[in-house]
Every structure is written in structure tokens, then in C-alpha cells.
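Asks: No sequence on hand, only this structure:
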């Protein structure tokens, strides 16, 4: 009894996982391998492949409960791992459970027995638990190394890591060998990895460890080289990506020392006098050290040599630098003793201790050798800075006295009056001074070719009369826009202006240009673009004031939307009607044309309303309809639509019926025959064929007539009805009954 209860309990538990899987009660396992549901059976045994076919067959319903990949659904648990399906690890147990619980559709438990239960169980263990039927298995072989760059180790033993994994299930073991390209910088562990059909998709971690070398060699790059070997031909052909690593140096270079002596107190002279200083290194460099030397003022002193180079052999031998004074380059000049520097550039070296190290600069003074003449007097009359300024456009007299050979005027030139060479002593009156404020006049005198110190005098000139006050406005209300081709009235006033004012516009406007009265108003017609109007007025001394006002004009954008049956083109049956519609914007007129010509679409068409439409009846030919329009600004707008008119397919059917049934009586071309001598035309039915009159010019009447009288080929009347009568009538009307 306990054994029975245990079996019932086992069935209840496992049926949660295996319910809805079933097979034929006969116990047979049949069917071909399927890859439906995204599973591959390439690596399964024959029994596993047969089980895959059963698992994926909708008749058995396994996927509806447990998912196409065995991952589980709302109806049943997962079958792809032992955590969710503990009984899926033993084939005999799994077969027993499936035989007890697995139904087919409709659900009949215990109907999958024998080979059916055995094959399904074999597939669950091989394909889902062992992963041999995973989606894409062995379809995209690749060896994934991540990352392949950016790894950093250190000489202090710092480590970095990366992972290796396969992208698909291999058919055999894949062995990965790992080696360091430079074991003096870094080592790798482990040196070999093996991927099997069981662990192929589980990334394996590789550690890289930095190695110390006790050498100041900087950061060194090296590589972890990866190679692969396998009986699986796909994986044997793959060369895995190598991994780039950098090992950072931990040695600290000794500090560099550059000694310059002395760094100040050096004196040169304009007579070519020299001074010297020395440079030496305090430590032995590992590479040559080059130091550039320049003068901060080559017009006062030069340096030689322009650079010094120290090696690991002469680094402690002081090198001597010579500085030479320079005389004034052009004419002798009294410029006094001038300070300058010998600038030492940052050292250039592959030794990091010295690379970029900047030594002290050296300060030097170059002594002057020139004598300065004397300017005894330089004054202005009236002395403007002692009283009121001189009037605007007034005059002043300059007086000067010196012991120089010649003098030169400079500074404020008073409209070109105070410039160039003047006498060593003299007087000059400057007129029409119009530079308001302080005017500084200078006098430079020479003696024996030596420049003197510059003497100056200030003259204050009163301010110029104020600029005129000018206003310019338009009658366009603020925030509004003038209608296209409209008129704006300009109004202007001026105070303090003389003569006339000058008008201009952007863009140019012929009505607003040239001279205008000092006050007035004027209408500007036919404005089509935004325009800025300018007015410039001047005072008595020519000081201008310019004012502007802008008139905004409504933008015009002529445009046309033109459609046929609501689109840019239409395809119809010959004889149908079409509707042409157009929506004009900012247009003045439109003209219609068609190719080939169509009497209903020609001449002037509406252009001022928002929407137009027109029906063109009985279109027989493929036609291009065109609207050629002119905008209110004169721009042309042309739009076309196309109509393709195809023959009515019913006419061909009607012709066939006519030739089979009617031609014997009325002739193949409706020309009449021995039986009916009268040709088919608009009046055919008036010739006592049908009492009551004509039928061939009316579709409905002709259809009724044909349905009543038209025989088949064997002469039975009233056999041509429905579509036969309709198509035949349409053929007769289109070919014979139109005058």
C-alpha cells in the first residue's frame, strides 16, 4: 500500500512537468526529425531525434505545456534543467513517469508507452538537460574573447582578467592554449582551457599578472596569444583573438637638476661689450639633454651658442654661454640702459627626469652709448589748459625752441597741418581744429643723428554742435503687415538740420531716394517686399543723423495643388468620367490644356477661390491634364495630372459572344448578312426586329432584348442572359451603334 501511495505521489509531482506530452497508445515511436520550434537535432542520437519529432509534433501537445525549448510555460514546468525537473536526470525513471502520465490530444494519460515514452525521455535528457538541441547549436561556431584590449597590469603584481567562451555547441572538445608574448612583463594562468559539449557556453576566466623587472623602462605593452585546437573542423579553423595588455612601470626616476650661474647682474654695452654665465647638470641623464637659449630682446643683446647639449659623459662639465650687447639698429637713439633676459627653454630629452625641466632665465642690462639733445620750449597760444577751450573749428599757435639739428612734428596732426619735418626752432599757426577734446601735439628733435626725448603740448577743443534730431515713421500699425502691392505713407521731421535730407531704402525703392525736404510726408505705392526706409539729415558742420523705419509686407507664395480623383494620377476604363480638383494659393489666373486635346478642359479656369473641381466626362484616351497659372507676383506655377484610360475588359468577352452567336445573323462587323441584311446601327431595332422601336442606343433595353431573343450557336433563344447579355450589349453599343 505504501508503494502504491508513493507511485501516486510520484505521478502527481512529475505530471506537473510532463502533462500534455502524449503519443499513440500502440507504443510506436515514429515521424521524421523536425527543427520546428528552433531546435537542432544534428547532435542527437537516433532515439533522441525521434523524441524531438514527438516533442515538437502538435498532436502530442508537449510544447504547449513545456515550451518550444523546454523552458516551461504557464501550463507546465521547465524540462531544460535538473533544478526544475529532478527526475529528468535518469532515463529509466523518466521513461516510467512518461508511460504513466504522458497523454496525447485529447488528453488520455498512459497512452505514450514503449518506444514513444523511451524516445521522448531520451530527447529530454540529451537535447534539453545536456543542451545538445539548443537553438542554433553548431550553427555559428566562434570563440568569444572578452575583452581583447585595454587590460592593465603593474610591476607591483597587479592583475587583470578576461574570459573565453564558445558561441555554439562543438562536436568535440575545443582546447585553447594561452601564452604571454613577454613573460618578463606579464604571465598568464591558466595556460590552457578545455571546452566540452557540457561546458561549451560557460565562460572561463583567465588571469594576467604583471612582472617586476627593477628597470626604469616605462609602461610596456605585451600580448596574451591564444590558439585553438579541436577535432571539430569548424573550431579547428578558428584563430581566437589575442589580448593586448600594458604593464605599468613602478620605478621612479631621480629628479633632474640644471644649474645656471649667475642668473642676474650681467651687463653688456651698445659698444659690443659681453658677459658670460654657465650651465651644468646635477645628475647623470639616461639620454642626451638639449637646452635652447634665446634673447628676449635681440635689439639689445644676442646669445651664443643658441643651445647646449649634455650627454651622460659630459653632464657635469659646465658649458659657458656668451651674451653680446647690440647697438641701436637704425640711427643712434638715446634709449637709456635697457634690461633684457636670456631665456632658457624647457629641456628636451628622452630621460623623463629632464624632459620638460625648465632652468632659470638670466637677467642682463645693455648700457646706452648715446647723448640726448634738449628741447628748451614747446608751448601753445592760447594756453588752452589754463582757460576755456578754443572754439570748435578755431585756431592755435605752437612755439618751440631746441638745440637740435632738425625736428619732426607728430601726435595730433590738426588735419594734416602738424606733421613731417619742421625747423629746430620756430612758430606755426594751426587752423580749423575740429577734433573735440584734448589734442596732444608732439615735437621730436635730433642732434648728431641721435633722437631727442619727445616734448608734448595739449590743446583742448570745444565740442562740436549737436547732431540734428530726426524722426521717421510710417502709417503701418504696430504688429500688422501691409497688404501685398499696398501703399505706406512715410512722415518725417527734423530739428537742427540744414539744407535737405537724403533718402535711401533696403531694398532700393525708386520712390524713396535722393534729396528730401527737412520735414514732410510721402506715400510709397506698390510695396511687394519688407522694406527699410532710411533718412539722413546733417547739421551746419555736416554732422549726420540717420533714422529708419521698416514696413512689413505680407509674403506671397504662389502655389497650386492639382489632383485627379483625389490623386496625382488615375487609371480608368475608357469612357469613364474623372474629377479634376485644384486649390490655388496667391494666384491671379489659370489656363487649362490637355494632351491629347480635350474640349472640356481648355481655356481660363478659376484661380481666386480656395477650392475648385470639374468633372470631365467620357474620357476615351490616356490624357495629361495641365493647369498653367500666374501668381499675383507674376511667378508661373504649372501642375499636371495624368489619366490612363484602359480598354473595358468586358468588351473582349462581349466580342467573343457576338462572334459565336450573332455574327452568323448580323455579320462579323455588324454589316448585315443574308439573314439580316440591315447593318447594325442606331436604328437596327426599328426594322421590325423588335416591335416598339429602337434598342441599340440604350444599354438596358439592348440587354433585355438580347436576353429575350439572342440564341446560342445551336439556335436556342433566351440562352444569353446576365453577364453574356451585358457584355454583348456593351460590345454592340461601342462598335456598331454610335454614329
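Replies: Ah, there it is. The shown structure was predicted, so the numbers you read here are calculated from the model rather than taken from an experiment.
Asks: does residue 660 count as helix, strand or coil?
Replies: At residue 660, secondary structure determined by DSSP: H, G, I helix; E, B strand; the rest coil is helix.
Asks: burial of it, as a residue count?
Replies: 13 (other Cβ atoms under 10 Å). For glycine as for every other residue, the C-beta is placed from the backbone atoms N, C-alpha and C.
Asks: Please tell me how far it sits from residue 632.
Replies: Here residue 660 is placed at a distance of 63 Å from residue 632 (Cβ to Cβ, to the nearest Å).
Asks: give me the beta-bridge partners of the nearest residue to residue 568 once chain neighbours are set aside?
Replies: Leaving aside its sequence neighbours, residue 568 sits nearest to residue 641 (Cβ to Cβ, 6 or more residues apart in numbering; 5.9 Å). Here residue 641 sits in beta bridges with residue 625, going by DSSP bridges.
Asks: Residue 641 reaches residue 569, doesn't it?
Replies: Yes. Using Cβ atoms under 8 Å, residue 641 makes contact with residue 569 at a distance of 6.2 Å.
Asks: List the contacts of the one helix or strand residue 179 maps to.
Replies: Using DSSP states H and E, residue 179 sits within strand 174-180. The contact list for strand 174-180 (Cβ atoms under 8 Å, 6 or more residues apart in numbering) reads 143, 164, 166, 186-188, 190-195, 200, 206, 208, 222-230, 232, 235, 240.
Asks: Okay, buried residues for it please.
Replies: Buried residues in strand 174-180, defined by neighbour count with 16 or more other Cβ atoms under 10 Å: 174, 175, 176, 178, 180.
Asks: So the second one versus residue 272, what's the distance?
Replies: Going back to what we said before, that points to residue 175. 82 Å.
Asks: quick one: low-confidence ranges for the stretch 601-739 of the chain?
Replies: Along the stretch 601-739 of the chain, segments meeting pLDDT under 70 span 664, 674-698, 712-719, 737-739.
Asks: Could you pull out the helices in it for me?
Replies: 649-661, 663-666, 699-709, 723-735 (DSSP state H, counting those that start in this stretch).
Asks: which ones are touching residue 229?
Replies: 174, 175, 177, 236.
Asks: Contact partners for the last one?
Replies: When contacts are counted by Cβ under 8 Å, 6+ apart, residue 236 is found next to 228, 229, 230.
Asks: Secondary structure and distance to residue 542 added to the residues you listed, as CSV?
Replies: Putting those into CSV (DSSP: H, G, I helix; E, B strand; the rest coil; distance: Cβ to Cβ, whole Å) gives the following:
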residue, secondary structure, distance to residue 542
228, strand, 92
229, strand, 98
230, strand, 98
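Asks: TSV please, covering those and showing pLDDT and distance to residue 453.
Replies: Formatted as TSV, those follow (pLDDT from 0 to 100; distance: Cβ to Cβ, whole Å):
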residue	pLDDT	distance to residue 453
228	96	89
229	95	93
230	94	95
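Asks: re earlier: ok, so what distance separates the residue nearest to residue 568 from residue 572?
Replies: Taken as Cβ to Cβ, the span from residue 641 to residue 572 is 12 Å.
Asks: more crowded one of those two?
Replies: residue 641 (21 against 17).
Asks: Just the closest of the contacts of residue 236 to residue 485, please.
Replies: Ranked by distance to residue 485 (Cβ to Cβ), the contacts of residue 236 are led by residue 228 at 82.6 Å.
Asks: I'd like to know how many residues surround the residue nearest to residue 391 when sequence neighbours are not counted.
Replies: Distance criterion Cβ to Cβ, 6+ apart; nearest residue to residue 391, sequence neighbours excluded, is residue 462 at 5.4 Å. Neighbourhood size, residue 462 [other Cβ under 10 Å]: 16.
Asks: so what's residue 462 up against?
Replies: 388, 389, 390, 391, 392, 394, 436.
Asks: Against residue 67, how distant is the closest residue to residue 166 other than its chain neighbours?
Replies: Closest residue to residue 166 apart from its sequence neighbours, by Cβ to Cβ, 6+ apart: residue 200 at 4.4 Å. For residue 200, the distance to residue 67 equals 22 Å [Cβ to Cβ].
Asks: Skipping adjacent residues, who's closest to residue 706 in space?
Replies: Leaving out its chain neighbours, residue 706 is closest to residue 725 (Cβ to Cβ, 6+ apart), at 4.3 Å.
Asks: if I pick the one you found, what's in contact with it?
Replies: So residue 725 contacts 703, 704, 706, 707, 710 (Cβ under 8 Å, 6+ apart).
Asks: Surely the last one is in contact with residue 661?
Replies: Pointing back at residue 710 there. Yes. Between residue 710 and residue 661 there is a contact under Cβ under 8 Å: 6.2 Å.
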